[in-house]
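# What shape does this take:
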Amino acid sequence: MFFTSRSKYDKVRDELLETKTSLNNTTIDLIREKRKSYELSLMCRDLLDQLKDEKTRNSHNINNSNSNSQFSKNEIKTLIMLCHPDKHDHSVKAKDITAKLLEMR
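Numbering: from 1, shown residues only. Next up is the predicted model:
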């Protein structure tokens with residue numbers, strides 16, 4: 001009878017050890033998955049930042065290209081004549097605007 005009781009004890013102890021091992025393995029797996037998830041979230045954040053930067057660059061390019069197309073070549077020529085620094089005592093503003101208009105030409 002004592003042997004049977006001991007045998008049950010060993011069985012329960014073995015089952016507890018198996019359960020503990022299984023829990024430890026599950027914990028390790030969860031830690032690995034958490035790390036993978038964190039790394040993926042960092043990659044997603046980096047990609048999102050890159051997309052935001054690209055969107056900003058593209059919107060800037062669109063704005064610049066739209067500003068070039070608002071005036072015809074003849075209108076730009078007229079604006080250059082009207083804004084030329086020689087006609088405005090060589091003011092800095094006249095020089096800046098004329099330079100921009102020359103770039104648009």
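
# next helix or strand past the least confident helix or strand in the chain by mean pLDDT?
Lowest by mean pLDDT, DSSP states H and E among the helices and strands of the chain is helix 2-68, with a mean of 84. From helix 2-68 onward toward the C-terminus, using DSSP states H and E, the following helix or strand is helix 73-83.

# Give me the residues contacting that next one.
In this structure, residues lying in contact with helix 73-83 by CB atoms under 8 Å, 6 or more residues apart in numbering are 71, 87, 94, 97-98, 101-102, 104-105. C-beta: built from backbone N, CA, C; applies to glycine.

# any idea of the angle that helix forms with helix 2-68?
On the basis of axes from the mean of the first three to the mean of the last three CA atoms, to 10 degrees, helix 73-83 is oriented at 70 degrees to helix 2-68.

# just checking, what packs against the helix or strand just after helix 73-83?
Beyond helix 73-83 in the direction of the C-terminus, DSSP H and E gives the next helix or strand as helix 92-104. Helix 92-104 sits against helix 73-83, with contacts defined as 3 or more CB pairs under 8 Å, 6 or more residues apart in numbering; DSSP states H and E.
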